[in-house]
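Chemist: no FASTA, just this:
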């Protein structure tokens, strides 16, 4: 009999600049929250994973056993996973596979990042772009994605204001999410975004994700094990796909899609995930996508097939990803409004999807959400992970 | 801020830069004898036809701009630098690479602009040496 996995608990540590909290505090906050949400004893957990992108920030490696110790978990397998900004979802995928394989019955997956302890987030992340010919020439992620932004506008005739609308949408949702760095902040207008100064032209400062402190955790269990789990959310599918990391190598990598204006690994992963889950893009009620910069949110919406190529930015600007739109997107505020503690991001998108499918998202709740997609990207579209979750 | 400051936690020895010297200085890439396509950086196998036998080739350094951006947020170690244009550039032999465009203003550049390679400083290394590599300028 095929073993299926379901999510029985989620927990988050508030995202932001939390100088009074160390990485262990953030893990404890999110992990304890997830255990309490699941309503299980710590002794039930028989395996775990932790995602982190820049452990150099707090000068600690081998986080698996340390997280198990921090959460007072029983002795068992507990590994650290690195997958750039998709690492959280890659850890989640491994957690699902621990359940599916029969190795474990109840797994905790934690993501954490403590970025406010580093001098420069861009420099801390510089191990992730191409290390031979791009990073040494002084280019970081905002630069590589500025070229994707420029190419997207050029190829599809999209206006910068349309691309920028993603940041406006993120603020709307984030201001209604108590875990977000932008909680209770006022609305963000297009003019304010466009006049916020260049980070790397054409990307403005207000269009950038905010690297910050934060953590997120989920509890996975074997499906059908406990009839009382009415709030459990089914993991319908989870997969990932890779592509070239260096910018130039994307040209010519895929016939017909050989450009930096396409999120090809997202397209490949989404097709596999939809097939396994028995859905199409039209069935997606709510989506979380990797908007580390405004343009990337649109690229991934297109990779997921939710909007046609070249159409997502205009769709966002016209309100199709807002509450009541065709596919409400990044309902937690996304990387720009929630914050982007990179190791936690791939888990926080699962937490938000679960919250939506349970109908517990309060004023940001998507009506009748039954199918949710969570996507995260690592590197320059070097890897993309896509999960399809279904409510019970 | 000192130009020699760098936040990188790993100290790269000089051998690392030495290994890529020919590619950075001379745009040495690979050519596939089966499908005739070229790659930069060089590949062991052709990414298009997966032919295992690749020949070394030296590119001309001439190319055209595909798309442009302008860097306004220098990394640590690249401080005190004015905004600089950079681009995806298609070499005339086919491969595409990312590089700074020097001696030019962003507003004076556009897609399809012909450019040519020059060698300029990339960054100071923690070994005390300066790392040099390819950049591009408007073709003469």
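Modeler: Everything's here; your move. Bear in mind the structure is a predicted one, so any value in this text is a computation, not a measurement. Residues are numbered from 1 along each chain as shown, chains lettered A, B, ... in the order given.

Chemist: going forward, measure contacts and count neighbours with C-alpha atoms only.
Modeler: Fine.

Chemist: following the helix or strand of chain A with the lowest mean pLDDT, which helix or strand comes up?
Modeler: Using mean pLDDT, DSSP states H and E, the weakest-scoring helix or strand in chain A turns out to be helix A:121-124, at a mean of 76. The C-terminal neighbour of helix A:121-124 among helices and strands, as given by DSSP states H and E, is helix A:141-156.

Chemist: any stretches of the chain with poor pLDDT?
Modeler: Defaulting to chain A. Applying pLDDT under 70 to chain A picks out residues A:227-228.

Chemist: should've been chain B
Modeler: Counting by pLDDT under 70, the ranges of chain B that qualify are B:1-12, B:79.

Chemist: helix or strand for the residue nearest to residue A:289 when sequence neighbours are not counted, which one?
Modeler: The shortest distance from residue A:289 to any residue other than its chain neighbours is 4.9 Å, reached at residue A:375 (C-alpha to C-alpha, 6 or more residues apart in numbering or on different chains). With elements delineated by DSSP H and E, residue A:375 resides in strand A:371-378, which encompasses its position.

Chemist: compute the number of surrounding residues for the nearest residue to residue A:305 once chain neighbours are set aside.
Modeler: For residue A:305, the nearest residue in space outside its immediate sequence neighbours is residue A:281; the separation is 5.7 Å by C-alpha to C-alpha, 6+ apart. When neighbours are counted by other C-alpha atoms under 10 Å in any protein chain shown, residue A:281 registers 16.

Chemist: wouldn't residue A:281 be in contact with residue A:274 here?
Modeler: Yes - with contact defined as C-alpha atoms under 8 Å, residue A:281 and residue A:274 form a contacting pair (7.4 Å).

Chemist: other SSEs contacting the least confident helix or strand of chain A?
Modeler: With contacts defined as 3 or more C-alpha pairs under 8 Å, 6 or more residues apart in numbering or on different chains; DSSP states H and E, helix A:121-124 has no helix or strand neighbours.

Chemist: show residues contacting that helix.
Modeler: A:54, A:56-57, A:115, A:118, A:140-141, A:211, B:7-8, B:75-76 (C-alpha atoms under 8 Å, 6 or more residues apart in numbering or on different chains).

Chemist: up against chain B, what does the stretch 1-150 of chain A have?
Modeler: Proximity of the stretch 1-150 of chain A to chain B (C-alpha under 8 Å from any C-alpha of the partner chain) is limited to residues A:56, A:119-120, A:122-124, A:132-134, A:136-140, A:143, A:146-147, A:150.

Chemist: derive a ChimeraX selection command for the buried subset of these.
Modeler: The following ChimeraX selection, which keeps only the buried ones among those, applies the criterion 16 or more other C-alpha atoms under 10 Å in any protein chain shown:
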select /A:56,122,123,124,132,133,134,136,137,138,139,140,143,146,147,150
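
Chemist: tell me which stretches of the stretch 251-392 of chain A form helices.
Modeler: Taking DSSP state H, counting those that start in this stretch to define them, one finds helices in the stretch 251-392 of chain A at A:264-277, A:294-303, A:312-317, A:334-337, A:342-358.

Chemist: can you say which of these is packed in most?
Modeler: Among the helices of the stretch 251-392 of chain A, judged by mean count of other C-alpha atoms under 10 Å in any protein chain shown, the one packed with the most neighbours on average is helix A:334-337 (a mean of 32).

Chemist: by contact count, what packs against that helix?
Modeler: Other elements packing on helix A:334-337 under the criterion 3+ C-alpha pairs under 8 Å, 6+ apart are helix A:160-174.

Chemist: which neighbouring elements make contact with the helix or strand following the helix it packs on?
Modeler: Using DSSP H and E, the helix or strand that follows helix A:160-174 in sequence is helix A:190-194. Using 3+ C-alpha pairs under 8 Å, 6+ apart as the contact test, the elements touching helix A:190-194 are helix A:160-174.

Chemist: can the helix it packs on be found next to chain B?
Modeler: No - if you take C-alpha under 8 Å from any C-alpha as the test, helix A:160-174 misses chain B, and the best it gets is 13.1 Å.

Chemist: what are the buried residues along that helix?
Modeler: Along helix A:160-174, these residues count as buried under the neighbour rule (16+ other C-alpha under 10 Å): A:160, A:162-174.

Chemist: what segments of chain B are helices?
Modeler: Listed in chain order, the helices of chain B (DSSP state H) span B:14-19, B:21-26.

Chemist: and the ones you listed, which is most packed in?
Modeler: Of those, the one with the most neighbours on average (mean count of other C-alpha under 10 Å) is helix B:21-26, at a mean of 17.

Chemist: how many other residues sit next to residue A:282?
Modeler: A total of 11 residues lie near residue A:282 under the criterion other C-alpha under 10 Å.

Chemist: contacts only, for the closest residue in space to it that isn't next to it in sequence.
Modeler: Spatially, and ignoring its direct neighbours in sequence, residue A:282 is nearest to residue A:306 (6.8 Å; C-alpha to C-alpha, 6+ apart). Residues near residue A:306 by C-alpha under 8 Å, 6+ apart: A:281-282, A:284, A:327.

Chemist: switch the contacts of helix A:121-124 over to CSV; also include distance to residue A:237.
Modeler: Putting the contacts of helix A:121-124 into CSV (distance: C-alpha to C-alpha, whole Å) gives the following:
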residue, distance to residue A:237
A:54, 28
A:56, 32
A:57, 33
A:115, 31
A:118, 36
A:140, 32
A:141, 29
A:211, 28
B:7, 40
B:8, 38
B:75, 39
B:76, 41
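
Chemist: for residue 88, give me its contacts.
Modeler: Assuming you mean chain A. Residues in contact with residue A:88, defined by C-alpha under 8 Å, 6+ apart, are A:50-52, A:81, A:110-111, A:343-347.

Chemist: my bad, the chain I had in mind was chain B
Modeler: Counting by C-alpha under 8 Å, 6+ apart, the residues that residue B:88 touches are A:147, A:248, B:65-68, B:96-99.

Chemist: give me the number of residues near the spatially closest residue to it that is not a sequence neighbour?
Modeler: Here the nearest residue to residue B:88 in space, its sequence neighbours aside, is residue B:98; by C-alpha to C-alpha, 6+ apart that works out to 4.6 Å. The burial metric for residue B:98, expressed as a neighbour count using other C-alpha under 10 Å, is 28.

Chemist: with the one 5 residues further on instead?
Modeler: The burial metric for residue B:103, expressed as a neighbour count using other C-alpha under 10 Å, is 10.

Chemist: how much space separates the spatially most distant residue from the centre of chain B from residue A:279?
Modeler: Residue farthest from the centre of chain B, counting by C-alpha atoms, centre = their mean, is residue B:34 at 26.2 Å. Computed with C-alpha to C-alpha, to the nearest Å, the distance linking residue B:34 and residue A:279 is 41 Å.

Chemist: the residue nearest to residue A:9 when sequence neighbours are not counted: what's it in contact with?
Modeler: In space, residue A:9 comes closest to residue A:38 once its chain neighbours are excluded; the distance is 4.1 Å by C-alpha to C-alpha, 6+ apart. Listed by C-alpha under 8 Å, 6+ apart, the contact partners of residue A:38 are A:8-10, A:219.

Chemist: by neighbour count, which of those wins?
Modeler: Neighbour counts for these peak at residue A:10, which has 29 neighbours (criterion: other C-alpha under 10 Å).

Chemist: so what's the residue farthest from the centre of chain B up against?
Modeler: By C-alpha under 8 Å, 6+ apart, the contact list for residue B:34 reads B:49, B:51.

Chemist: what about it, distance to residue B:43?
Modeler: Computed as C-alpha to C-alpha, the residue B:34 to residue B:43 distance reads 14 Å.

Chemist: which residues belonging to the helix or strand hosting residue A:64 are considered buried?
Modeler: With secondary structure defined by DSSP H and E, residue A:64 is part of helix A:63-70. Judged by neighbour count (16+ other C-alpha under 10 Å), helix A:63-70 contains these buried residues: A:63-68.

Chemist: between those residues, which is nearest chain B?
Modeler: Proximity of those to chain B, judged by C-alpha to the nearest C-alpha, is greatest for residue A:63, which lies at 18.5 Å.
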